[in-house]
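A.B. asks: Sequence and predicted structure below; questions after.
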Amino acid sequence: MDADEVKENAAIRVQLTKLIEDWNANRLDLFALSEPNEELEFHGVMRFYFQESGQRMATKCIRVSSTATTRAVIEALIEKFHADLRLLSTPNYSLWEVHENGEKRKLLPDEKPLLVQLNWHKDDREGRFLLQGERDLAGAVDHLLQLPIDGDNNVAMKRKLSKREKRELKKLERQKQLAQAREAEDVTDLLYVEVPNTNFTRTISNPEVVMKKRRERKLEQKLKELGEGGSLKIYGEELSETKPYVTLLLALRDRADKVIRETLEKYGLGRHSANKFCLVEVRTLPDGQIEERVLDKDDCPLLILAREGSNGDPTFHVRLRGSRILSTASKSHAPSEHEVQAVETLPYLLEINPDGSEPAGASRVFVIRPNVTEIGCDRNFNNPNAQALCLYGPFVLPRHCVIALMDGVATLTPCEVGAEISVDARPISETAILRDGCLVCIGRTHLFRFHEKGGELISAVVAAEDLLNAVIRSVDPTKLGFKLASAYTLYMCSRYCVSRELSSTMCKLLSKAAEMMLITIQDNRYNASMLAYWMSNAAETLNFIKLDVDVSSKTSPEPQESIADAVQKAFDHLAACLKRDLHAAMPPLLDPQASDAVAVEPCRHILNCVMNLLRLSRVNAALTIQLFSQLFHYINMYLFNWLVSREGATYCRQSWGKRLKARLSHLLNWAEQQGLELAAECRLERVLQAVHLLEATKTLNHLDAIGAHLTKLNSIQVAHLLECYSVESNEELIDRQFVELLIQIAERQVDQVLKNDFQPLQLEEEIDLLLPFLIPDDGYSSEMMRGVPAGLQEYADGLFQQGVGKLVMQPTSSGSWSVHFVNNSIAAAGGGSDSETVVSLYLMFRFVSS
C-alpha cells in the first residue's frame with residue numbers, strides 16, 4: 001500500500017469513527033458499534049425479525065461484521081432462528097429492509113447489512129431487518145425444471161418441451177414471482193403492526209430527543225454555511241394536495257429560480273421541470289385585498305422580505321406557469337346581492353385540458369367584464385386592479401390579445417402580428433366574435449371554453465366565498481352569543497355536502513376554510529380574544545371532521561392537517577400574547593416592601609383574566625391545561641432566573657425564601673381552586689425547590705431531608721445558591737462538608753437524569769417550555785351538547801340575511817350532535833329514525849361538482 005492509499009485510508013477511518021461515535025451516542029449499549037480497525041472493519045449487534053407461516057413474529061440479535069454480505073447473514077440467521085432449516089432444500093430466504101412509513105427494499109446478495117443500518121443514521125431514519133421465506137407456490141415449475149442426473153454427473157437425455165408446456169412453464173414462473181412478491185409485501189406491512197415500537201424493540205435510546213437534537217444540529221450547520229439567511233416557507237398547493245408547503249433554508253441572495261428548483265426537488269418533481277413553474281409573491285393588503293406578483297428569476301425572496309418587512313405578510317407560492325388564472329373580481333369584500341346577480345350574467349372562460357376535457361378537481365374560471373380585458377404575460381397584468389388575464393408559457397407574448405365585451409357581444413382581437421390564437425381550431429389574425437361553447441387557444445398550451453353566461457357556476461363560486469368570509473373572516477367573537485358558532489357552522493356545511501354526495505366540494509370548502517383560519521390567526525396574532533376564539537373553534541372543527549364517519553376518510557390527511565396547524569398556530573400566538581401580559585405583573589411579585597397579598601395580586605389578576613377568557617371561548621380543558629402550563633413555566637423561569645442573577649444574589653437568604661414561598665403559595669391556592677394544581681406544582685417545581693433550600697436549616701442533620709426534595713435543581717444551581725447564600729443572625733454557619741454532600745446528591749439525582757435525556761447542565765431556566773403540543777382527542781362540546789345551542793340560531797339568522805344559508809330543524813333527531821361519529825352505535829348501524837343532527841344548515845346556493 002503506497003503513501004497516498006495509507007493517507008486516504010486514514011481519512012476514511014476518521015470519518016467512519018466519527019459516524020460510529022454519533023451512532024453509539026444515540027443507541028442502546030447493546031447495539032453499540034466497535035471502532036474500525038486498520039482494514040476499516042468493525043462489528044456490531046443487529047436485530048432481525050422472522051415469521052414462520054401461522055406463527056408470531058420472532059426476533060433475534062446476532063453480532064455482524066461490516067464485511068458480512070447479505071448472503072452470509074442469511075445463512076447465520078437460518079441457523080439462529082431454526083437450526084434444522086439448513087437441512088431443507090426449500091424455501092429460499094431473502095433479507096428485507098423495512099421502515100415504519102411503509103417503505104421496504106430487498107437487500108442484494110452482496111450488500112453489507114451493517115453498513116445499510118449505519119447509513120440510516122445519516123438520514124435520521126430508523127428501520128428493521130426482516131428475514132423472509134420465499135414460498136414455493138409453483139411446485140410444477142420445479143418439477144419441470146428438474147433434470148435427471150446420471151452417475152457420472154452428466155445431464156441425461158431428455159425430451160424437448162412442447163410449445164404448450166413452455167407457455168405453462170413461463171406462466172407458472174410468473175405466478176411464483178408474483179406470489180413471492182405478495183408474501184413479502186404482506187409480511188413487511190405486518191412487521192410494525194405485530195411488533196410495535198417499544199423500549200424492547202427499538203435501538204435508539206431516546207428517539208424523540210435524539211431526532212430533534214440531530215435536526216437542530218443540521219439546521220445550525222446549514223445556517224452557518226449560509227451566513228446571512230434563514231428559513232422560508234414555500235407553498236405548493238398546486239404541486240401536492242397532501243403537502244401544502246415545504247420549508248427551505250436560503251441565503252439572503254438566493255434567487256427565485258433556485259427556490260423553484262429546491263421546492264420541486266422536495267416535492268419529488270425533479271429540478272429539470274423548473275422552467276414550467278414560477279414563484280408568486282402573495283400579499284394581503286390593509287384593506288383586505290390580495291395582491292399577487294410573479295417574481296423574476298433574478299428576484300431574491302429573502303431580500304424582498306428584508307427590504308419590505310412584514311408589510312402585508314407576504315407568502316411565496318410555486319405555481320405552474322399559466323395554470324393560475326386570477327378572477328378580476330375584487331377579493332377584498334363579499335359581493336352584494338346586486339353584484340352576484342350581475343356576475344351571473346357575465347361571460348367567462350373555463351380552462352380545459354388540451355384534449356377538450358375538463359381538468360380533474362376544480363376548473364379555473366376567468367370572468368370577462370365589460371370593456372376591454374388584456375391577455376398576455378406582462379407582469380403588470382398581475383396587479384389586482386388591472387382588468388387583465390396573465391398567462392405564462394411558450395409562444396405567449398407580453399400583450400398577446402384583447403377581449404372586448406360591448407353590448408353583450410364578446411370579441412377577440414390579436415395585439416401583434418404573429419400572436420398565436422385560434423378559435424375552434426381556426427387560426428385568427430383579426431377580430432373574431434366569440435360564441436357560446438367555442439374553444440379558444442392562446443399560444444400553444446392554454447385552452448379555454450367560452451360561455452356567454454356564468455349562471456350557477458359563477459353564483460356558486462361567489463356564494464361559497466361569501467359563506468366562508470361570513471363564518472371566518474368577518475367574525476367578531478365579542479358579538480357572538482355562541483362562541484363555537486364557526487365550528488358548528490362548518491360542520492353543518494360538511495354534513496350538507498355529505499347529504500348531497502359532494503365529497504370533492506366538501507374537501508375544497510374545508511381546505512379553503514383552513515387557509516382562511518390560518519390567515520385570520522396571523523392577522524390577529526396580538527389579539528388574545530380572537531386567538532382564543534380560533535384556537536377553540538379550529539380544535540372543535542377538527543374534532544368534528546375526524547370523528548364523523550362520512551367526513552373523516554375524505555379529509556385525511558388534508559385538510560385535517562392544515563386545521564391542526566391552525567390550532568397550534570393559535571395556541572403559540574396566544575401563549576406569546578399572554579406571556580407579554582404576564583411579564584408586566586412579575587416585578588411586583590418580587591417587591592420586598594409589599595405585603596404578600598398585594599405583591600401577588602397583579603399576577604393573580606392576569607391568571608384570572610386568562611381563565612375567564614378561555615372559559616368564555618369554551619376552550620377544551622386539555623388545551624387550557626397546556627396553556628396554563630406555559631404560563632406557570634414562565635413564572636417559574638422569571639423568578640428562578642432572577643434569583644440566580646446578580647440582582648437576586650443579595651436575596652439568597654432564609655427570610656426571603658420564606659416570603660417568596662408564601663407568595664407562591666397564593667398562586668398554588670389559586671391553581672387548586674381552578675383545578676390546575678398538578679400543572680402549577682409541576683411547572684413551578686424548580687423555583688419551589690430553590691426557596692425550600694433557602695428557608696431550610698442547612699446542617700448535616702437536615703441533609704437527608706433537604707436532599708429528598710432535590711429532584712429539579714442540578715449541581716450547578718445548588719452550588720450557586722449556596723455560594724450566594726447570606727447567613728442571617730439566627731442561623732449557624734454552613735459547613736463546607738454540607739455543601740459538598742448536597743452537590744453530590746444533586747449530581748446523582750438530577751445531573752444523571754439530564755445527561756440521559758441529552759439535556760445540558762446550566763444555571764438558568766429555559767425561557768420556553770419545550771414540550772410537544774398535543775391536540776386532545778376528547779373533552780369537546782359535541783360530546784355533551786343537546787339541542788340547538790343558545791346563540792346559534794341568532795348567528796344562523798345573520799347568514800340567512802346574507803343569503804348563504806338557512807338553519808333547518810330536524811324533527812326526528814335525538815338532539816345529539818354526535819350521531820355520525822365513529823364510536824356512535826347509530827352511525828355504526830347505518831342510521832335510523834334519529835340518525836340526524838338536531839339541526840342542519842341548508843346552503844342557499846348550488847355547488848357545482850367538478
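C.D. replies: Received the coordinates, thanks.

A.B. asks: domains of this protein?
C.D. replies: Residue ranges for the structural domains of the chain, counted by the TED database, are given in the record as 3-137+172-191, 209-320, 345-454, 459-569+777-845, 586-757.

A.B. asks: distance between the longest one and the chain's centre?
C.D. replies: Relative to its parent chain, domain 459-569+777-845 has a centroid offset of 22 Å by C-alpha atoms, centre = their mean, to the nearest Å.

A.B. asks: helices or strands up against the host helix or strand of F450?
C.D. replies: F450 belongs to strand 446-451 when assigned by DSSP states H and E. Of the remaining helices and strands, those touching strand 446-451 by 3 or more C-beta pairs under 8 Å, 6 or more residues apart in numbering; DSSP states H and E are strand 348-351, strand 439-442. All C-beta spots, glycine's among them, are computed from the backbone N, C-alpha and C.

A.B. asks: related to what we said a few turns ago, most packed of the domains of the chain?
C.D. replies: Among the domains of the chain, ranked by average contacts under mean count of other C-beta atoms under 10 Å, first place goes to domain 459-569+777-845 (a mean of 19).

A.B. asks: what's the average pLDDT for that domain?
C.D. replies: Per-region confidence: domain 459-569+777-845 scores 80 on mean pLDDT.

A.B. asks: now swap in stretch 759-771 and tell me
C.D. replies: 89.

A.B. asks: one step back: compare the mean pLDDT across the helices and strands packed on strand 446-451 and name the weakest.
C.D. replies: Looking at those, the lowest mean pLDDT belongs to strand 348-351 (a mean of 84).

A.B. asks: That one pairs with which strands, and in what direction?
C.D. replies: strand 365-367 (antiparallel), strand 446-451 (antiparallel) (DSSP bridges).

A.B. asks: lowest-confidence stretch among those strands?
C.D. replies: When mean pLDDT is averaged over each of the strands paired with strand 348-351, strand 365-367 scores lowest at a mean of 76.

A.B. asks: Just after that strand, pick out the following helix or strand.
C.D. replies: Towards the C-terminus, the helix or strand next in line after strand 365-367, according to DSSP H and E, is strand 371-376.

A.B. asks: What helices and strands are in contact with that next one?
C.D. replies: Applying 3+ C-beta pairs under 8 Å, 6+ apart, one finds that strand 371-376 makes contact with strand 388-390, strand 401-406.

A.B. asks: okay, the angle between the strand holding F450 and strand 371-376?
C.D. replies: With axes from the mean of the first three to the mean of the last three C-alpha atoms, to 10 degrees as the basis, strand 446-451 and strand 371-376 are set at 160 degrees to each other.

A.B. asks: between strand 446-451 and strand 401-406, how big is the angle?
C.D. replies: Between the axis of strand 446-451 and that of strand 401-406 there is an angle of 10 degrees, by the same axes, to 10 degrees.

A.B. asks: What lies in contact with strand 446-451?
C.D. replies: Strand 446-451 has contacts (C-beta atoms under 8 Å, 6 or more residues apart in numbering) with 322, 347-354, 356, 366, 391, 393, 396, 410, 434-442, 457.

A.B. asks: got the contact list for stretch 760-771?
C.D. replies: Outside stretch 760-771, the residues that reach it (C-beta under 8 Å, 6+ apart) are 626, 629-630, 633-634, 636-637, 640-641, 644, 683, 686, 714-717, 720, 751, 754-755.

A.B. asks: rewinding a little: now render the helices and strands packed on strand 371-376 as CSV, adding mean pLDDT.
C.D. replies: Converted to CSV, these look like this (pLDDT from 0 to 100):
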stretch, mean pLDDT
strand 388-390, 85
strand 401-406, 89
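
A.B. asks: Same list (the ones you listed) but as CSV, adding distance to M492.
C.D. replies: As requested, the helices and strands packed on strand 371-376 are arranged in CSV below (distance: least, C-beta to C-beta, whole Å):
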stretch, distance to M492
strand 388-390, 36
strand 401-406, 39
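
A.B. asks: Out of the ones you listed, flag the one nearest D287.
C.D. replies: Ranking these by proximity to D287 (C-beta to C-beta) places strand 388-390 first, at 20.5 Å.

A.B. asks: now for that closest one, which elements pack on it?
C.D. replies: Packed against strand 388-390, as judged by 3+ C-beta pairs under 8 Å, 6+ apart, are the following elements: strand 371-376.

A.B. asks: 6 Å instead, please
C.D. replies: Contacting strand 388-390 under the criterion 3 or more C-beta pairs under 6 Å, 6 or more residues apart in numbering; DSSP states H and E is no other helix or strand.

A.B. asks: now what about that strand, what contacts it?
C.D. replies: Among residues not part of strand 388-390, those counted as contacts by C-beta atoms under 6 Å, 6 or more residues apart in numbering are 366, 374-375, 381-382.

A.B. asks: Which of these scores worst on pLDDT?
C.D. replies: Lowest-confidence member of the contacts of strand 388-390: N382, scoring 64 (pLDDT).

A.B. asks: In JSON lines: the domains of the chain, plus distance to L578.
C.D. replies: Formatted as JSON lines, the entries for the domains of the chain read as follows, by distance: least, C-beta to C-beta, whole Å:
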{"stretch": "domain 3-137+172-191", "distance to L578": "34"}
{"stretch": "domain 209-320", "distance to L578": "22"}
{"stretch": "domain 345-454", "distance to L578": "36"}
{"stretch": "domain 459-569+777-845", "distance to L578": "6"}
{"stretch": "domain 586-757", "distance to L578": "6"}
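
A.B. asks: Pick out the shakiest of those domains, pLDDT-wise.
C.D. replies: Mean pLDDT, when computed for each of the domains of the chain, is lowest for domain 209-320, at a mean of 74.

A.B. asks: roughly how far out does that domain sit from the chain middle?
C.D. replies: From the chain centre to the centre of domain 209-320 is a distance of 17 Å (C-alpha atoms, centre = their mean).

A.B. asks: Look up which helix or strand E291 falls in, please.
C.D. replies: Secondary structure assigned from DSSP H and E places E291 in strand 290-294.

A.B. asks: Which is the succeeding secondary structure element to that strand?
C.D. replies: helix 301-308.

A.B. asks: Not counting that following helix itself, show me its contacts.
C.D. replies: For helix 301-308, contacts defined as C-beta under 6 Å, 6+ apart pick out 250, 252, 259, 316.

A.B. asks: Please identify which pair of the residues you listed lies farthest apart.
C.D. replies: When these are compared pair by pair using C-beta to C-beta, the farthest-apart members prove to be L252 and F316, with a separation of 14.7 Å.

A.B. asks: can I get the strands paired with strand 348-351 in a markdown table with distance to L239?
C.D. replies: Shown next, in a markdown table, are the strands paired with strand 348-351 (distance: least, C-beta to C-beta, whole Å):
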| stretch | distance to L239 |
| --- | --- |
| strand 365-367 | 21 |
| strand 446-451 | 19 |
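
A.B. asks: for those, which one sits closest to L468?
C.D. replies: Taking C-beta to C-beta as the criterion, strand 365-367 is the member of the strands paired with strand 348-351 that comes nearest to L468, at 17.1 Å.

A.B. asks: Show residues contacting stretch 240-257.
C.D. replies: Stretch 240-257 is contacted by residues 222, 226, 228-229, 231-235, 237, 262-263, 266-267, 279, 295, 297-300, 302-303, 557-558, 562 when judged by C-beta under 6 Å, 6+ apart.

A.B. asks: cutoff 8 Å now
C.D. replies: Residues from elsewhere that reach stretch 240-257 (C-beta under 8 Å, 6+ apart): 219, 222-223, 226-237, 258-259, 262-263, 266-267, 274, 279, 295-303, 306, 557-558, 561-562.

A.B. asks: all strands for the stretch 751-850 of the chain, in order.
C.D. replies: Counting by DSSP state E, counting those that start in this stretch, the stretch 751-850 of the chain has these strands, from start to end: 805-809, 839-843.

A.B. asks: separation between V598 and Y496?
C.D. replies: Applying C-beta to C-beta, to the nearest Å, one obtains 56 Å for the distance of V598 from Y496.

A.B. asks: er, S816 actually
C.D. replies: As judged by C-beta to C-beta, S816 and Y496 stand 18 Å apart.

A.B. asks: show me where the stretch 201-350 of the chain has strands.
C.D. replies: 229-235, 245-251, 277-284, 290-294, 315-320, 348-351.
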